[in-house]
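Peer 1: can you look at this prediction? I've put the sequence above it.
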Amino acid sequence: MAFDRSLLPAALAVSLGLLPVAALPGAAPPAPADSPPIDTPTGVPEGRDVADLEPILDAIVQCRVVFVGENHDRFEDHLNQLKVIDGLRRRGKDLAIGMEFFQQSYQVALDDYLAGTIEEPEFLRRSQYFDRWRFDYRLYRLILRYAREHRIPVIALNLESELTRRVGEVGIAGLTKAERARLPAKIDRSDPAYQARIKGVFAHHPGTDKKSFERFMEVQLLWDEGMAERAARYLRANPDKTLVVLAGGGHIEYGQGIPERLLRRVKVTSATLLNTAEPDPDPAAADYLLTPQPVELPPGGLLGIQLGEQSEGRGARVQGFGACSGAKAAGLQEGDLILRIGDQPVAGYADIRIALLDSRPGQRLSVQVRRKGDCGGEETLGFEVELH
């Protein structure tokens, strides 16, 4: 069963080239803004001989809300999402895009990027993308560039992680009055099928005691209700818009997550599309099941370093190295404070990811560090690192 990987606890250590969350590749070569989406083979089960999304788009074009579920780390799923957005726009729909991957507190950063008042690096810093989501930004890059080119609003749907993390720690009952004020107006716990599905996911996690499950369930409810409430609020304020909601498949499948909670708040026509890699997907999981062929992003360059505690504004501290670290081979040492990579000054973790965004394995980049000297002082050193 597909499910949103954001349910998994975040890694405590940040690693470039060591931990999977930070070993994701850097960046895709940009496509011209006026080019059509990349064409990827898309099949629809249940015997329907559909070579692309066009017949599906014809069937759903009158829907006010279209939900498109994804596996976060599959590029082909995001290409399908882009094809849905492009297809509806070509059919004359006045679109907005709701995205799970940005938290509501950072809507202004999204607005400024889409309006062209800030560029991509500043947008990534201000939205705190690499700290709050961390999946390879290239997976979403084409969608965001398409939205910017065609002036399509993008709505940050997710609640801030501080609130969901707090619920995971103390439960909703343990929240303060101020924290409770940030909750969705209504959290519906009445669907036994939803609870059974969440329990099935939870069974694969350690610490499967009752209290842990209740908090796990509350966090998932909070995500789904929070995103549904934000989407419903946008639809009520913008009655002429068609909203395409992009989220992890676990928030969309069987209509039990965001869809039923949005439709409880606002009565609109809708359709669910679910990208799946399951060999025998359940036809009941969505209105349309999409089975795209794999499309791999080109590998991005990695320094092969592990970072220590955040030192925002002062660089990024090297805590360790990978087994085949180009940084270690070049002469970097544990404890070095990275100040610059290529032309990019480094104030923290996000700047390292931005500096490597369009890099490739084998590329050589200059890296400037500050290191404690033998006599107690500090010295600034430069190295040329071959990325791996």
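Peer 2: Looks like it came in fine. Numbers count the residues shown, from 1 in each chain.
Peer 1: in the helix or strand harbouring L221, what's buried?
Peer 2: Per DSSP states H and E: L221 is located in helix 210-237. For helix 210-237, burial by neighbour count (16 or more other C-beta atoms under 10 Å) applies to 213, 215-232, 234-235. Any C-beta I mention is one placed from the backbone N, CA and C, and that applies to glycine too.
Peer 1: repeat that for stretch 160-174.
Peer 2: Neighbour counts over stretch 160-174 (16+ other C-beta under 10 Å) mark 160-161, 163-164, 166-168, 172 as buried.
Peer 1: tell me the one of these nearest E253?
Peer 2: The nearest member of the buried residues of stretch 160-174 to E253, counting by C-beta to C-beta, is T164 at 20.1 Å.
Peer 1: next helix or strand past the strand or helix carrying that closest one?
Peer 2: Following DSSP H and E, one finds T164 within helix 161-170. Remark: after helix 161-170, the chain's next helix or strand is helix 177-180, criterion DSSP H and E.
Peer 1: who's in contact with that next one?
Peer 2: 163, 166, 172 (C-beta atoms under 8 Å, 6 or more residues apart in numbering).
Peer 1: and the residues you listed as a markdown table, adding distance to A355 and pLDDT?
Peer 2: A markdown table is the format used below for these (distance: C-beta to C-beta, whole Å; pLDDT from 0 to 100):
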| residue | distance to A355 | pLDDT |
| --- | --- | --- |
| L163 | 31 | 95 |
| R166 | 32 | 96 |
| I172 | 40 | 95 |
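Peer 1: between those, which sits nearest R360?
Peer 2: R360 has its nearest neighbour among these in L163, at 38.2 Å by C-beta to C-beta.
Peer 1: isn't that closest one right up against A181?
Peer 2: No. Contact criterion C-beta atoms under 8 Å: L163 and A181 do not qualify, at 10.5 Å.
Peer 1: okay, the angle between the helix holding L221 and helix 161-170?
Peer 2: Angle, helix 210-237 to helix 161-170, by axes from the mean of the first three to the mean of the last three C-alpha atoms, to 10 degrees: 150 degrees.
Peer 1: quick one: the helices in this protein?
Peer 2: 54-60, 75-90, 107-115, 120-126, 129-132, 138-149, 161-170, 177-180, 192-202, 210-237, 258-265, 326-330, 349-355 (DSSP state H).
Peer 1: tell me the average confidence for the last one?
Peer 2: Spelled out, it's helix 349-355. Average pLDDT, helix 349-355: 95.
Peer 1: ok, stretch 148-158 next?
Peer 2: Mean pLDDT, computed over stretch 148-158, is 98.
Peer 1: residues in contact with that stretch?
Peer 2: Stretch 148-158 has contacts (C-beta under 8 Å, 6+ apart) with 33-34, 85, 89, 95-107, 110-111, 113-114, 116, 144, 146-147, 223, 226-227, 230-231, 234, 241, 243, 245, 247.
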